[in-house]
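Asks: Let's see this in three dimensions:
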Amino acid sequence: MKARTARIAATAASVVLLAGFATACNRGSSSGSAAAGKPKIGIDLPRADTDFWNSYGQYIKSDASSQGLNTLPVSNSQNDVTKLVANVQVFENTGAKAVVMAPQDTGAIASTLDTLASKKIPVVSVDTRPDKGQVYMVVRADNKAYGTKACEFLGKQLGGKGKVAELQGALDSINGRDRSEAFASCMKSEFPDMQVIELATDWKGDVGSAKLQSTLAANSDLAGIYMQAGGAFLQPTLALLQQKGLLKPVGQPGHIAIVSNDGIPQEFDAIRQGQIDATVSQPADLYAKYALFYAEAAAEGKTFQAGPTDHDSTIITLPNGLEDQLAAPLVTKDNVDDKSLWGNNVGH
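Replies: Numbers count the residues shown, from 1 in each chain. Model prediction:
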């Protein structure tokens, strides 16, 4: 990763402190031989059943290699907290000085975080914010903003009236809760004449599709859909709408307005084809980039503090650590071809 802060050894005249950072971080390049002398970093991928997380995994692999990091064999906990705990135990036993994880059950991981803290092994949590247990840094976008942006977009598209189905993520996840609560709050305050039909899915595409099918059968006038994870829900939703003869292009009578979250290439293609209206781009590339950045910093004993950063984000203070809230832009037909969006820079 390209350096964004000055070298600690630089002269006072040339030092440029990253706003919000308590210490500057030496981010010089590393050769393969130098990597062996660096502190070991354990990385657990949370799952391999969505396009978003598969893209994140690809970025982790390429960034760790390009940065010359000393990473232990990467594990995948497959959306199973028991496997995550076991994988973390392997990291402990093989000398990890920092751990990167993305716990999907943000409540059940607390005791593992406590164990790591007692052994002075800092943790970087990606995309999800553990409910309890110490974390060095959470690398995450503002998930309440996801729900609010989706609400505002759908509300304006539909003129503040009509029924909207919400394919919710797992409500035992901070992300599912944040998106759902923000969406509901925005709808209640800004579009009180709209009816939201909440469909809990546990982030499972087949569950979302089955519940949406039942919703469509009972609500032939459904006007909009909010999908909290395009990687899980896009294809099942489009297939169902096509099967029912309801996949009308944007601008045609009968089109069901759809806004999603993730920013995967498939969503961008669906926007271009007029199948869906918008998505909020969750930065898989920046998740990997800054997860590794903070993990290396943690392993080297560096510290950070709350405040704005130089990468269009803000570090906030949590009860159990810090969180770098990365930017997540709304993508529509107007900016879907923007080359700065990670979804335009990866293969399908």
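Asks: hang on, isn't P39 packed against E300?
Replies: Yes - at 6.6 Å, P39 counts as touching E300 under the criterion of Cβ atoms under 8 Å. Yep, even glycine has a C-beta here, placed from its N, CA and C like the rest.
Asks: Could you pull out the strands in the stretch 51-200 of the chain for me?
Replies: For the stretch 51-200 of the chain, applying DSSP state E, counting those that start in this stretch gives strands covering 75-76, 98-101, 123-126, 137-141, 162-168, 194-200.
Asks: Show the contacting residues for the most centrally placed residue in the chain.
Replies: Nearest to the mean C-alpha position of the chain, by Cα atoms, centre = their mean, lies D127 at 4.2 Å. Contacts for D127 (Cβ atoms under 8 Å, 6 or more residues apart in numbering) come out as P46, A102, V139, R140, A141, N175, Q282, Y287.
Asks: switch to 6 Å and redo it
Replies: By Cβ atoms under 6 Å, 6 or more residues apart in numbering, D127 lies in contact with A102, R140.
Asks: Same question for the one 3 residues further on.
Replies: P130 sits next to T106, I109, L113 when contact means Cβ under 6 Å, 6+ apart.
Asks: Quick check: closest non-adjacent residue to the second one.
Replies: Spatial nearest neighbour of I109, chain neighbours left out: P103 (4.1 Å); criterion: Cβ to Cβ, 6 or more residues apart in numbering.
Asks: neighbours of the one you found, just the number please.
Replies: 31 (other Cβ atoms under 10 Å).
Asks: and it, how far is that from L45?
Replies: According to Cβ to Cβ, to the nearest Å, P103 and L45 sit 12 Å apart.
Asks: Likewise for F293?
Replies: Separation of F293 from L45 (Cβ to Cβ) stands at 17 Å.
Asks: between those two, which one's more packed in?
Replies: F293 (25 against 21).
Asks: Next up, identify which helix or strand that one is on.
Replies: In this structure, F293 sits in helix 284-299 according to DSSP states H and E.
Asks: Just after that helix, pick out the following helix or strand.
Replies: Heading C-terminal from helix 284-299 (DSSP H and E), you reach strand 307-308.
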